[in-house]
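Asks: Let me see the structure of the following:
(one chain, ligands or ions: 1)
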Amino acid sequence: MTVESLAAPVAFSYQRVSSGQQVVGHGLDRQADAAALWCAANGHQLDQQLAFSDRGRSAYSGRHLKGALGHFLELAQFGQLGPSPVLLVEAIDRLSRQEPLDAIETILSGLVGSGVRVITLEDQQEYSRVTIAADASKLLVLVVKIQAAHEFSKRNGMRSKANWAKRYEAIKAGQKDPSPRCRPFWLDWDGAAGDFKSNASTAMVQRCFQLSEQGLGHAAIGRQLTAEGFTNTAGSTVTGATTGLLLKDRRVLGEREITDPDGNTETLQGYFPVIVNLGQFDRCRALATARDTAPGRDRNSMRVRNLFAGVLRCPCGLPLGHRASHGGRYEKLLCQGHLDLRCAEQVGWLNYDEEALLLSFMAQRWDKFFSVKADTRQQRELEGQRLTLRTTLAKQQQQAANAEGNASRLLLDGQLGKDTADMLASTVRKATAAADQTKRQLLKVDAALQALLSKPSGKQMGEQIKTKVKAFLADGRQDPSERQRFNGWLRNLGVRMRLQGRHLSCLSWQEGDRWGEAHVYRAGAGKVVSDETLADMAVLGFSEVDREVRLGEIKAEKQMAAKVGRPRRQAKPVAHSVGMLQGKAVKNAAQVSSPTSSP
Ligand SMILES: [Zn+2]
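Replies: The predicted model follows:
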C-alpha cells in the first residue's frame with residue numbers, strides 16, 4: 001500500500017529487541033518514545049499503519065532481515081514508502097550487528113540506496129544519499145559504528161563462551177545437567193534425587209538391543225518393537241532409522257560426549273545411568289558391521305540385480321525383493337511382506353525370469369496402452385483446472401486492489417484510523433499471498449498441460465519402448481551401469497507391473513490410473529510367447545494338453561512352496577515351460593471354450 005498522499009512527511013520507526021529481558025525492561029517502549037519525540041520536533045508524522053518491530057530476532061546472525069526489517073527493506077526497494085521516507089532507529093546496532101561488509105550491504109545499499117533517510121535517535125545523526133554526498137566523513141562514522149556493533153556482539157558471544165567454560169567445569173566435576181536437551185529420551189530428570197532416572201522408553205531401548213543380538217536388521221527390529229506395542233517418542237511406529245541410531249548411541253552405556261571450551265570433544269564415563277552393558281553393545285555393533293560388509297551386499301550395491309526394482313509388485317501390492325543364492329546362480333523374487341506375514345497372498349518364492357519379463361515388454365501393445373483417449377480426458381481436466389485457477393486469481397487480485405483503494409480513499413479523507421488501516425493492510429497482505437499461491441498452482445497446471453501436449457502418441461511410445469528393450473536385450477544386460485540406466489528409465493516410464501498370481505506369467509500393467517494385462521509364456525527353452533489375454537492362448541497354439549501339464553506342475557510347485565523359506569533348487573535351466581495358469585488365471589483359462597488342436 002502506498003502512503004504518499006499525506007500532508008506531513010511520514011517517518012517510520014523500527015524497533016528491535018533481541019531477548020525477552022529487553023522486552024520486559026524498557027527496550028521497545030524506550031525506542032518508541034524516542035521516535036515520537038523526534039517526529040514532534042521535526043514536523044513529521046509517525047507512521048501508525050506499518051508497525052515495524054522485531055522481538056527476539058538477532059541482528060548478529062541477520063535473522064531480523066527475515067522479519068519486519070526485511071519487510072521494510074522490500075517496501076523501500078519497490079518504492080512503496082513514498083518519496084524519501086524516514087526510518088527512525090535508536091542506534092545503528094538496531095539495524096545490524098552483522099559482519100561490517102554484510103551490514104554495509106543491508107544499510108547502505110538496501111536502505112540508503114533505496115532513498116531511505118536513516119535517523120539514529122541516540123545521537124541524532126542522519127544517513128542518506130544527501131548527507132553522505134555532502135559530508136563523506138559520515139560514511140566513515142557509519143562504518144566505525146557498524147564495526148563497533150559487530151564487536152560488541154562478538155564480545156557477548158565470548159561472554160557466553162566463558163559461561164560455558166564454567167558449566168563445563170561443573171559437569172566434569174560430576175554435576176548433572178537437568179536440561180531436557182542434554183539427555184536421551186529414555187531418561188527423565190529426578191529433581192529430588194538430583195539425578196537421571198529411567199522412563200517408559202528405557203524398556204524399548206533395551207529390547208532393541210536384545211532383538212539386534214538375535215540377528216534382526218534395523219527395519220525388522222522396528223517392526224518387531226511396534227508389534228510388541230512400543231512406540232517412538234511421538235507415539236508412532238518405530239522405524240528402522242530409529243533403531244539404527246539407537247544401536248549406535250553410546251549414551252546407553254552411560255557415556256556423554258562433551259565439548260571443552262576450546263572446541264575439543266571428550267567422553268565422560270558414567271554420566272548417565274547404564275542401561276545396556278558394554279558386551280551386548282559391542283556384539284550388536286559387530287553384527288551390524290558384518291551385515292554392512294557382507295560380500296553379497298557389496299556386489300548388490302555394484303549392480304542392479306533386480307532390473308524391475310521399484311516397478312514390479314507382488315499381487316498383495318508390496319514390492320518384490322530380489323534374492324540371489326549360491327553366488328548369484330539362482331535368482332528369486334520374494335514379496336517384501338513374506339517373512340513377517342504382511343503379504344496377504346503368500347505367493348512365496350518366484351523364479352526371476354528376466355528375459356521373459358523383458359520380452360513381455362516387447363510384446364505388450366503399448367500403442368493401445370498409452371492410448372490417446374485417456375490423454376484427452378486428462379487434458380480436459382487440466383484445462384478445467386486452469387480456468388478455475390484463473391478466475392480465482394482475478395478475484396484475489398481484485399480483492400487486494402479494492403482494499404488498497406479503500407485505504408487511499410480513507411487516507412485522503414483523513415479518516416483512516418489505526419484499526420481500519422491494520423484491517424485493510426491485513427486484507428491486502430492475505431489477498432496478495434493467496435494470489436501468489438494461485439499463481440504458483442497455475443504455473444504447475446500449465447507445465448502439466450504443456451508436458452501432456454508434448455507427450456508422444458501411444459504408437460511413438462510403443463516404438464520407443466520396443467527399441468530400447470531390444471537394444472538392452474542385445475548387449476546391455478551384463479553391464480552394471482547399463483542395468484542401472486535401464487532400471488532408471490523403467491522407473492521414469494511411469495509403468496507399474498503387478499503380478500496377478502503366483503507366476504511371472506500373469507502381469508498387470510499400470511500407467512496412471514489405467515491397467516492393462518499381459519501374459520508371458522515360456523514355450524520351451526529360449527522361446528517366450530506373450531500376449532494380453534489368456535483367451536489368446538489358443539490362438540498362440542497352446543493346447544488343452546499343455547494346460548493339463550501346466551496344472552500338474554503348479555500342483556507340484558505348491559507342495560514345494562509349502563516348505564517355506566529356502567529357495568528351491570532349480571532342476572532345469574528353464575522353469576516355466578509352457579503357459580502358466582494359476583488362481584484367477586486358471587478360471588479365465590477354463591473359459592476358453594474350444595481350444596484348437598496342438599500344432
Ligand atoms: Zn505379497
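Asks: In the helix or strand harbouring residue 358, which residues are buried?
Replies: Using DSSP states H and E, residue 358 maps to helix 354-363. Buried residues in helix 354-363, counted by 16 or more other C-beta atoms under 10 Å: 354, 356, 357, 358, 359, 360, 361, 362, 363. In this view, the C-beta of every residue, glycine as well, is placed from N, C-alpha and C.
Asks: May I see these organised as JSON lines, with pLDDT and distance to residue 16 added?
Replies: Below are the buried residues of helix 354-363 laid out as JSON lines (pLDDT from 0 to 100; distance: C-beta to C-beta, whole Å):
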{"residue": "354", "pLDDT": "83", "distance to residue 16": "65"}
{"residue": "356", "pLDDT": "77", "distance to residue 16": "70"}
{"residue": "357", "pLDDT": "80", "distance to residue 16": "65"}
{"residue": "358", "pLDDT": "82", "distance to residue 16": "66"}
{"residue": "359", "pLDDT": "76", "distance to residue 16": "70"}
{"residue": "360", "pLDDT": "73", "distance to residue 16": "67"}
{"residue": "361", "pLDDT": "73", "distance to residue 16": "64"}
{"residue": "362", "pLDDT": "73", "distance to residue 16": "68"}
{"residue": "363", "pLDDT": "68", "distance to residue 16": "70"}
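Asks: Tabulate these (CSV), appending distance to the ion.
Replies: As requested, the buried residues of helix 354-363 are exported to CSV (distance: C-beta to the ion, whole Å):
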residue, distance to the ion
354, 20
356, 20
357, 17
358, 23
359, 24
360, 20
361, 22
362, 27
363, 26
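Asks: which one of those is nearest residue 115?
Replies: Of all these, the one with the least separation from residue 115 (C-beta to C-beta) is residue 361, at 65.3 Å.
Asks: Give me the distance between that closest one and residue 322.
Replies: 18 Å (C-beta to C-beta, to the nearest Å).
Asks: dump the residue contacts of the residue nearest the centre of the chain.
Replies: The centroid of the chain falls nearest to residue 241 when counting by C-alpha atoms, centre = their mean (15.2 Å). Residues counted as contacts of residue 241 (C-beta atoms under 8 Å, 6 or more residues apart in numbering) are residue 218.
Asks: mind running it again at 6 Å?
Replies: If a contact means C-beta atoms under 6 Å, 6 or more residues apart in numbering, then residue 241 has no contacts.
Asks: Same question for it, what's its three-state structure.
Replies: Put simply, residue 241 is helix when judged by DSSP: H, G, I helix; E, B strand; the rest coil.
Asks: Quick one: name the residues of the stretch 301-450 of the chain near the ion.
Replies: Neighbours of the ion within the stretch 301-450 of the chain, by C-beta under 5 Å from the ion: 314, 316, 318, 335, 337, 343, 345.
Asks: Counting only strands, which of the residues you listed make the cut?
Replies: Here DSSP state E is the test, and those give residue 335 as lying in strands.
Asks: and residue 216, which of the three is it?
Replies: Applying three-state DSSP: residue 216 is coil.
Asks: number of nearby residues for it?
Replies: Neighbours of residue 216 under the rule other C-beta atoms under 10 Å: 18.
Asks: any idea how far the nearest residue to it once chain neighbours are set aside lies from the ion?
Replies: Spatial nearest neighbour of residue 216, excluding adjacent residues (C-beta to C-beta, 6 or more residues apart in numbering): residue 224 at 6.5 Å. Distance from residue 224 to the ion, counting by C-beta to the ion, to the nearest Å: 19 Å.
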